[in-house]
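[1] the following comprises the amino acid sequence and a computationally predicted model.
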Amino acid sequence: MSTQARRLERNLRLLKWLSIDETLFASAVIIAFELHTVGLSLAQVLLGESIFALTIILVDIPTSVFSDLINRKASFIIAELCLLIGVTGLAFAQNFLWIIGTQIVWGIGVAALSGTDSAMLYDTLKSLKREEEHRAILGKIEGFSLIAIALGQILSGFIGAWDLRFAVKLCILVPVIKLILILFLEEPPRKPHPNAHEPFTHLFRTLRWFGTQRTLVLLVLASMTASLGGKIAVQTFNPYLELVKVPIIYWGFLMAGFNVFGAVIARNAHTIQKRLGSLRSFILIFATEAGGFFLMAKLHPFFFAALLPFAFWSFISFRKIFFSDEINRRTESHRRATTLSVESFGIQLLQMCSLSFLGLYADQAGLPAMYLLLAAVLAVVGVGAGVGLRRAFGLNRT
């Protein structure tokens, strides 16, 4: 094995560690921190998330064009520096405006990483002539990430019960360590880009090409809606546990349990998708989210309803792997990061337009009413997009 091949193999190990979330030590209590320590309302929390989404919309595609045309490793470094600033800002936040500033910097970091991490993995595997292993390896990375966050959630429940702000301050360690790991990434070899010195030409050509790909357009629309459901489930998890009267010390254990099972699903996602086929996998994703929201809306007075978010955590990783693989397999390498960022752009656009409205609706009509609305939207989009994708999935059963 050549030196470059060994370094590329090292990428696979590094990408696993780089998948760990920056909020590791506060992951079970991050919204409670914003609500109770900083003093925000749920509407303000979701408005902050809308501004976060707007930031990604403005920066996502330009940073991915940079990743496609210039250098993926440099994009990683820029992303992690912004995330370090964002985590530090959040740890010392005092008011709503402070949170907004943090969300903007954090959003730039997420945008710089968006598409780049997935493209780096696929390009690395392609250089090693192992691209057929993409689903399996992505599943292992997602599984590792979920196990790590599960351990962090158990710890964050205990730390948060003692001091919510200290839990967030501990998170500063994560981007510091990740910045060091990024330095050891190997840039996968790629053919000279046909538009290497014409970024706008590359962007417009990619967008024009994307618009002609009906299957990709439907996949992105479906991913946007499913991601909105996952976002709401995560952002309202703390208020939901308060609604069903679960003590804060148990929050970490609940989230950890969800993520451990999600890790098992992630590690076996390629096998599950192969057995079910693309269409049934698609149906499973939307049926789980729509059904989960419906049950959370109807069964919330009972303590065991705290287990209902299990449906979302179990299939968040499955959903990510499914859409990433379906889009990657239909996209050429020289426009891969940009195409993946079109998906991310759509996800953030929908969240920007929806989260503030949903937050106000939840404050006025109640959390269960918002869950019912989302269940209906997911059911409609799932059926519509599923019908449109039936032929494409029929041609790609595995």
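    Yes, it's here.

[2] ok, Asp363 touching Gln44?
    No: contact between Asp363 and Gln44 fails when scored by CB atoms under 8 Å: they sit 9.8 Å apart. For glycine as for every other residue, the C-beta is placed from the backbone atoms N, C-alpha and C.

[3] neighbour count for those two, which is higher?
    Shown here are Asp363 and Gln44; by other CB atoms under 10 Å, Gln44 has more neighbours (19 against 15).

[4] quick one: contacts for the more buried one?
    Gln44 makes contact with 96, 99, 359 under the criterion CB atoms under 8 Å, 6 or more residues apart in numbering.

[5] against Tyr361, how distant is the closest residue to the first one other than its chain neighbours?
    Counting by CB to CB, 6 or more residues apart in numbering, Gln44 is the residue found nearest to Phe96 once chain neighbours are left out, at 5.5 Å. Applying CB to CB, to the nearest Å, one obtains 14 Å for the distance of Gln44 from Tyr361.

[6] what do you get for Ser118?
    33 Å.

[7] compare these two (neighbour count), which wins?
    Using other CB under 10 Å as the criterion, Ser118 and Tyr361 rank with Ser118 on top: 24 against 17.

[8] go ahead and confirm the more buried one touches Leu340.
    Yes: counting by CB under 8 Å, Ser118 touches Leu340, with 5.5 Å between them.

[9] which neighbours do those two share?
    324, 328.

[10] so how many other residues sit close to Arg275?
    For Arg275, the count of nearby residues is 11 (other CB under 10 Å).

[11] what does the pLDDT read for it?
    At Arg275, the model reports a pLDDT of 86.

[12] return stretch 215-235 as PDB; C-alpha atoms alone will do.
    These are the backbone C-alpha positions of stretch 215-235, laid out as PDB (Å, rounded to 0.1, in the frame of the first residue of the first chain):
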ATOM      1  CA  THR A 215     -35.200  12.600  -9.100                       C
ATOM      2  CA  LEU A 216     -32.700  14.700  -7.300                       C
ATOM      3  CA  VAL A 217     -35.200  17.600  -7.000                       C
ATOM      4  CA  LEU A 218     -37.800  15.300  -5.400                       C
ATOM      5  CA  LEU A 219     -35.200  13.800  -3.100                       C
ATOM      6  CA  VAL A 220     -34.100  17.200  -1.900                       C
ATOM      7  CA  LEU A 221     -37.700  18.300  -1.300                       C
ATOM      8  CA  ALA A 222     -38.400  15.200   0.700                       C
ATOM      9  CA  SER A 223     -35.100  15.600   2.700                       C
ATOM     10  CA  MET A 224     -36.100  19.200   3.500                       C
ATOM     11  CA  THR A 225     -39.400  18.200   5.000                       C
ATOM     12  CA  ALA A 226     -38.100  15.200   6.900                       C
ATOM     13  CA  SER A 227     -35.200  17.300   8.300                       C
ATOM     14  CA  LEU A 228     -37.700  19.900   9.500                       C
ATOM     15  CA  GLY A 229     -39.500  17.200  11.400                       C
ATOM     16  CA  GLY A 230     -36.200  16.100  13.000                       C
ATOM     17  CA  LYS A 231     -35.200  19.600  13.800                       C
ATOM     18  CA  ILE A 232     -38.500  20.300  15.600                       C
ATOM     19  CA  ALA A 233     -38.200  17.000  17.500                       C
ATOM     20  CA  VAL A 234     -34.700  17.900  18.700                       C
ATOM     21  CA  GLN A 235     -35.400  21.600  19.500                       C
END
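
[13] so which bits of that stretch are buried?
    Of all the residues in stretch 215-235, those buried under the rule 16 or more other CB atoms under 10 Å are 215-235.

[14] ok, now stretch 31-42?
    Quick answer for stretch 31-42 (16+ other CB under 10 Å): 31-35, 37-38, 40, 42.

[15] contact partners of stretch 132-142?
    With contact meaning CB under 8 Å, 6+ apart, stretch 132-142 is reached by 12, 15-16, 19, 118, 121-122, 125, 130, 263, 266-270, 273, 317, 320-321, 324-325, 328.

[16] which of the residues in that stretch are buried?
    Those would be 134-142, for stretch 132-142 by 16+ other CB under 10 Å.

[17] ditto for stretch 96-107
    So for stretch 96-107, counting by 16+ other CB under 10 Å, buried means 96, 99-100, 102-107.

[18] just checking, what packs against whichever strand or helix holds Gln351?
    For Gln351, the host element (DSSP states H and E) is helix 336-365. On a contact count with 3 or more CB pairs under 8 Å, 6 or more residues apart in numbering; DSSP states H and E, helix 336-365 meets helix 42-69, helix 116-127, helix 199-211, helix 214-235, helix 310-329, helix 367-394.

[19] now stretch 156-168: how far from the chain's centre is it?
    Distance, stretch centre to chain centre, for stretch 156-168: 24 Å (CA atoms, centre = their mean, to the nearest Å).

[20] how about stretch 233-240?
    Distance, centroid of stretch 233-240 to centroid of chain: 16 Å (CA atoms, centre = their mean).

[21] tell me the mean pLDDT for that stretch?
    Stretch 233-240 comes out at a mean pLDDT of 81.
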